[in-house]
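Peer 1: Structure here, sequence nowhere to be found:
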Ligand SMILES: [Zn+2]
């Protein structure tokens, strides 16, 4: 999956802006390429988990459709743990198995790590991010 450097930077910036809470958002694209990053509010408002704000989710989905993009990814941050899906994340992914799940870890604040996963039927598989 291809991801431009500036979009990766935007995910990291959002993760930092929403500290101490987890952040979340949606990623548009098509054909193996991520082309847009859209911030959403975390309706849960906590560092323990994320919950895409339903109004933001609807707004962004409409925007993607208007721009001819597909929903290819959902991102969120881990403020105190590694960039790997928690059991909560795996359970949440049941509802939306198609997009990739990107996690930005700020466990080491000066060394953010972003990784991508396919999560289907409770299975987690890491997907290489081709950052250019
Ligand atoms: Zn998580």
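Peer 2: Arrived safely. Keep in mind that this is a model prediction, so the values were computed, not measured.

Peer 1: which residue sits farthest out from the middle of this protein?
Peer 2: residue 66 (20.7 Å; C-alpha atoms, centre = their mean).

Peer 1: mind checking how far it is from residue 108?
Peer 2: 38 Å (C-beta to C-beta, to the nearest Å). (Each C-beta comes from the backbone N, C-alpha and C, glycine too.)

Peer 1: which one is the residue in the chain that the ion sits nearest to nearest to, not counting chain neighbours?
Peer 2: Nearest residue of the chain to the ion (C-beta to the ion) works out as residue 89 at 4.1 Å. Leaving aside its sequence neighbours, residue 89 sits nearest to residue 101 (C-beta to C-beta, 6 or more residues apart in numbering; 6.6 Å).

Peer 1: Got the phi and psi for that neighbour?
Peer 2: phi -110, psi 120 (degrees, to the nearest 10).
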